[in-house]
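Visitor: below is the sequence, then the predicted model.
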Amino acid sequence: MKRVYVNEKWCLGCHLCEYNCAYANVGGINMYLSLKDKKISPNVRIEEKDNITYAVACRHCSDPICLKSCIAGAISQEDGVIKINKDKCVGCHTCILVCPYGVLHLTDNGVMQKCELCTNNGSKTPACVKGCPNNAIVFMEK
Amino acid sequence: MNYQYAEFEVVRNDDRCIRCRVCERQCANEVHKLVETKKGNFMISDETKCVDCHRCVSLCPTRALKIVKSDLTFRKNDNWHESNIKEIYKQAETGGVLLSSMGNPENFPVYFDKILINASQVTNPSIDPLREPMETKVSLGKRNHGIKRDKDGKIVPQKYPSLELNLPIMFSAMSYGSISYNAHESLARAARELGTYYNTGEGGLHQDFYKYGKNTIVQVASGRFGVFEDYLETGSAIEIKMGQGAKPGIGGHLPGEKITEDVSKTRMIPVGSDAISPAPHHDIYSIEDLRQLVFSLKEATNYKKPIIVKVAAVHNISAIASGIARSGADIIAIDGFRGGTGAAPTRIRDNVGIPIELALASVDSRLREEGIRDNVSLVVGGSIRSSADIVKAIALGADAVYIATSALIALGCHLCRTCQAGKCNWGIATQVPELVKRLNPDIGSKKLVNLLTAWNREIKELMGGMGINSIEALRGNRLMLRGVGLTQKELDILGIKHAGE
């Protein structure tokens, strides 16, 4: 299955992926109307220290530990893509605790959100991949 | 008091700015900055540092930025131009020689823009390159003077060392040091894919790029940096650099801070030491001396590789070229006065040398008159901006062209002309690791391949229109050119007629 992979060698730490992700998931006519003066909550986030920068998003593990740990049965796997049903999520944070990559985030209304490879917002290619200026984030079979 | 005013203004549409700080993170000149105040977060900019490279403009996701030229004016004066005044302020401040990069931007005539190309109508058929074969392959090197036969009348093949190009375009010399590792890799990979050549410049060849040797021209310049047996053996041709269009008559100086570990290994000089290329080759004071170097290099490589001699276009270029054609060199490369550079004294860049169009026409005519045109191939460079320039250059007598500035533009260069600062925001003219990584050779080589493929298509279209189906038939075909708005003297030198004639 096609997944999002990040090549640290080419990541510039520009954080554009975060904004493209946030915009893709908020939607709207254009980015500034959607994101101006808002705190963004993207599913891909840049980890950085010194000169090393790296975009981190869900790996869509073939054997997802978050799914197994979810007490509410809110996490499911469809065609390999791991999804969250926000109506079922009870906000217990267990998935955050078990995820070895730290890719699940809390939304403002107390439930979890995660990368669903933009299958939930109608984009064919994930927004982070499409907007990366240096091909550091790629969408491919590996 | 500092009289250096900002040359540009950063215009930010605050309605659009979402404070993502991409501009701040991506500007190596530290123009943009986010300030957090009780009233909110603001983006501020220090315009004095802006070089107008457009990195921030290109990456801004909401198109909130533009850079405009400051309209701050000095009192109008047709003698003392703004640039004269500003440069005097700068020199009065620093006491230094003014440095510039890339090609001469001054308002000299561009002859390519005053030459028009012919097309077939009625009496001779044009050719449709999509339906009929069209040859853009070029072979560079010495050509046979005549056919030799043995005593049984069979033809004796005479094959001189040559370069085989799929299209009449090569990437000209840019050293590793003046441009980045990733820029070099992009050029090398594109050259391999296109079936043409790139040129190491005088900085030696990085060990990772030996695998591209079949598509590499290695350069031997006055500093002789990185020259050793494997280097000469690896390249497909060896270029002796006598001069460069941007700075004829002077050498080069790569400052110590650009001599990183890798560059030092490749150039074979200590880390942090200035790489100084002398103005002349200290062993070349005549054509006879040049001949010795040509033949030393041929001897060292078993006469298998063509030798290129690169010179800047200067006043007596045709006599110089005539000498080179007799020195044993296989290819002459001529670099016009608009050729680019990573750093040159401004006065030299802007005032020394002559236009490539005139140099090319006079060299080609002179070599033909003397009957030695077949001794050498002619490659010209120095601001080849489009496929039309290439067709005009070939019709004026060139065998192929060298491009560099246009290749860098394809890689993202915005011609901000501050390469000498070493902080190229596009990852091209820099050795700073965080900046170098901004140029991903996967993207870079693809763009170069796209550019040259597009140009090659256009060359075929233009040739087809003239009813010509090979570069060979276009070369030196000056009847296909007409001048507009040129004096009789200029037309005579170019060897073309005026439009309407």
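Guide: Looks like it came in fine. Residues are numbered from 1 along each chain as shown, chains lettered A, B, ... in the order given.

Visitor: please save the CA atoms from stretch B:33-42 in PDB.
Guide: Taking Å, rounded to 0.1, in the frame of the first residue of the first chain, the C-alpha atoms of stretch B:33-42 are listed here in PDB:
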ATOM      1  CA  LYS B  33      11.300  38.000  11.800                       C
ATOM      2  CA  LEU B  34       8.200  37.200  13.900                       C
ATOM      3  CA  VAL B  35       7.800  39.500  16.900                       C
ATOM      4  CA  GLU B  36       5.300  38.500  19.600                       C
ATOM      5  CA  THR B  37       3.700  41.400  21.400                       C
ATOM      6  CA  LYS B  38       0.800  41.900  23.700                       C
ATOM      7  CA  LYS B  39      -1.200  43.200  20.800                       C
ATOM      8  CA  GLY B  40      -0.500  40.000  18.800                       C
ATOM      9  CA  ASN B  41       2.200  38.500  16.600                       C
ATOM     10  CA  PHE B  42       3.700  40.600  13.800                       C
END
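
Visitor: show me where chain A has helices.
Guide: Using DSSP state H, the helices of chain A run over A:16-26, A:31-35, A:65-69, A:94-98, A:127-131.

Visitor: sec struct for the nearest residue to B:Arg438 once chain neighbours are set aside, please.
Guide: Among residues not flanking B:Arg438 along the chain, B:Gly427 sits closest, at 3.5 Å (C-beta to C-beta, 6 or more residues apart in numbering or on different chains). Yep, even glycine has a C-beta here, placed from its N, CA and C like the rest. The local conformation at B:Gly427, judged by DSSP: H, G, I helix; E, B strand; the rest coil, is coil.

Visitor: quick check on B:Gly427: phi, psi?
Guide: Torsion angles at B:Gly427 (phi, psi; degrees, to the nearest 10) stand at phi 80, psi 20.

Visitor: report the contact partners of it.
Guide: B:Ser180, B:Asn182, B:Ala183, B:Gly412, B:Leu435, B:Val436, B:Lys437, B:Arg438, B:Leu439 (C-beta atoms under 8 Å, 6 or more residues apart in numbering or on different chains).

Visitor: so for the residue lying closest to the first one once chain neighbours are set aside, what's the pLDDT?
Guide: Read that as B:Ser180. Once flanking residues are discounted, B:Ser180 sits nearest to B:Val436: 4.3 Å by C-beta to C-beta, 6+ apart. What the model reports for B:Val436 is a pLDDT of 96.

Visitor: residue ranges of each domain in the chain, please.
Guide: No chain was given, so I picked chain A. According to automatic domain parsing, chain A comprises the domains A:1-57+A:124-142, A:60-114.

Visitor: you answered for a different chain; I wanted chain B.
Guide: Split by automatic domain parsing, chain B gives B:8-96, B:157-417.

Visitor: wait, which of the ones you listed is closest to B:Ile459?
Guide: The stretch from the domains of chain B with the least distance to B:Ile459 (C-beta to C-beta) is domain B:157-417; that distance is 5.0 Å.

Visitor: burial of B:Ala329, as a residue count?
Guide: Neighbourhood size, B:Ala329 [other C-beta atoms under 10 Å in any protein chain shown]: 31.

Visitor: B:Tyr198 contacts B:Ala191, correct?
Guide: Yes: using C-beta atoms under 8 Å, B:Tyr198 is in contact with B:Ala191, at 4.2 Å.

Visitor: joint contacts of these two?
Guide: Residues touching both B:Tyr198 and B:Ala191 (C-beta under 8 Å, 6+ apart) are B:Met170, B:Phe171, B:Tyr212, B:Asn215, B:Thr216.

Visitor: let me see the confidence value for the first one.
Guide: At B:Met170, the pLDDT value in this model is 97.

Visitor: do the same with B:Leu367
Guide: The model's pLDDT for B:Leu367 equals 97.

Visitor: the helix or strand containing it: which residues count as buried?
Guide: Take DSSP states H and E as the rule and B:Leu367 turns out to sit in helix B:356-369. Of all the residues in helix B:356-369, those buried under the rule 16 or more other C-beta atoms under 10 Å in any protein chain shown are B:Ile356, B:Glu357, B:Leu358, B:Ala359, B:Leu360, B:Ala361, B:Ser362, B:Val363, B:Asp364, B:Ser365, B:Arg366, B:Leu367.

Visitor: what is that helix packed up against?
Guide: helix B:317-325, strand B:331-335, strand B:377-381, helix B:387-396, helix B:488-494 (3 or more C-beta pairs under 8 Å, 6 or more residues apart in numbering or on different chains; DSSP states H and E).

Visitor: got the angle between that helix and helix B:387-396?
Guide: Calculated by axes from the mean of the first three to the mean of the last three C-alpha atoms, to 10 degrees, helix B:356-369 forms an angle of 20 degrees with helix B:387-396.

Visitor: can I get the helices and strands packed on helix B:356-369 in JSON lines with mean pLDDT?
Guide: Listed next are these as JSON lines, based on pLDDT from 0 to 100:
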{"stretch": "helix B:317-325", "mean pLDDT": "97"}
{"stretch": "strand B:331-335", "mean pLDDT": "98"}
{"stretch": "strand B:377-381", "mean pLDDT": "97"}
{"stretch": "helix B:387-396", "mean pLDDT": "98"}
{"stretch": "helix B:488-494", "mean pLDDT": "97"}
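
Visitor: nearest to chain A, of these?
Guide: helix B:387-396 (27.7 Å; C-beta to the nearest C-beta).

Visitor: so which residues of chain A form strands?
Guide: Assigned by DSSP state E, chain A shows strands spanning A:3-6, A:45-49, A:52-56, A:75-78, A:81-84, A:105-106, A:112-113, A:137-140.

Visitor: next, count neighbours for the closest residue to chain A within the stretch 351-500 of chain B.
Guide: Residue nearest to chain A within the stretch 351-500 of chain B (C-beta to the nearest C-beta): B:Asn440, separated by 4.9 Å. By the measure other C-beta under 10 Å, the count of residues near B:Asn440 is 22.

Visitor: touching, it and A:Cys11? I think so.
Guide: No: applying C-beta under 8 Å as the test, B:Asn440 and A:Cys11 come out as separate, 10.3 Å apart.

Visitor: please name the nearest non-neighbouring residue to residue 86.
Guide: As the question left the chain open, I've gone with chain A. Sequence neighbours aside, A:Val111 is the residue nearest to A:Lys86 in space, at 4.9 Å (criterion: C-beta to C-beta, 6+ apart).

Visitor: look at chain B instead
Guide: In space, B:Lys86 is closest to B:Gln4, 7.4 Å off (C-beta to C-beta, 6+ apart).

Visitor: that neighbour in helix, strand or coil?
Guide: What three-state DSSP gives for B:Gln4 is coil.
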